[in-house]
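Peer 1: can't give you the sequence, but here's the structure:
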């Protein structure tokens, strides 16, 4: 199985400051030479996961533009340009290229 | 607005069975792949299975292969997961998920809790 490794696992942040989460995969994530199925999800306490970013860098509708995704190959990053209080939660990367699709361990973001 | 609602969770003894359901609205049910993901208490997320719109394409994680069966009824607008030979380690919240591309699941239900305990 493809292992997704996130770092850090715990991320204390300051309101208004930037934050960054790294995600590395044990295999490349290009599918059929065209798509890279690397996604980012946010899970707030007591809620279901919510997709923020799909295919590396595409922001979902309604997701604030302070969230951005980047990367290629086996190294990917989620950035929050200026952390707000509502960003508290656990963030997961997920690869949808190789079955079984797999998630990272999660990064807990706390103020 | 797409809405997924899971049901069927509960407390079951090891070796027992449950059938989870997921009702979808706000989407043409038969069009998309759908899948099940679980999250053990205080743990991360694990993809379990997916199924194509016509039920012709399915797959399972090794941890549930041979014990769990995914199915769907497009006429009823429902997705199912039959859980057999349950183990304590199957205790988790089970989510159904879907989207235009299942490899990037855009929509999730609220989850249903399965507790396996004697």
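Peer 2: Happy to help now that I have it. For clarity, every value in this text was computed on a predicted model and none was experimentally measured.

Peer 1: all contacts plus neighbour counts: C-alpha atoms, from now on.
Peer 2: Will do.

Peer 1: quick check, central residue of the chain?
Peer 2: Just going to use chain A. residue A:40 (3.2 Å; CA atoms, centre = their mean).

Peer 1: other chain: chain B
Peer 2: residue B:36 (3.1 Å).

Peer 1: need the three-state assignment for the nearest residue to residue A:73 once chain neighbours are set aside.
Peer 2: Excluding the flanking residues, the one nearest residue A:73 by CA to CA, 6 or more residues apart in numbering or on different chains is residue A:28, at 5.0 Å. Under DSSP: H, G, I helix; E, B strand; the rest coil, residue A:28 falls in the coil class.

Peer 1: state the phi and psi torsions of residue A:28.
Peer 2: phi -60, psi 150 (degrees, to the nearest 10).

Peer 1: do the same with residue A:85
Peer 2: Backbone torsions for residue A:85, taken as degrees, to the nearest 10, come to phi -60, psi -30.

Peer 1: from residue A:13, how far out is it?
Peer 2: Separation of residue A:85 from residue A:13 (CA to CA, to the nearest Å) stands at 10 Å.

Peer 1: give the residues shared as contacts by these two.
Peer 2: Any residue near both residue A:85 and residue A:13 by CA atoms under 8 Å, 6 or more residues apart in numbering or on different chains counts here, and that gives residue A:111.

Peer 1: pull the number of nearby residues for the closest residue to chain A within chain B.
Peer 2: Closest residue of chain B to chain A, CA to the nearest CA: residue B:103 (4.4 Å). Neighbours of residue B:103 under the rule other CA atoms under 10 Å in any protein chain shown: 25.
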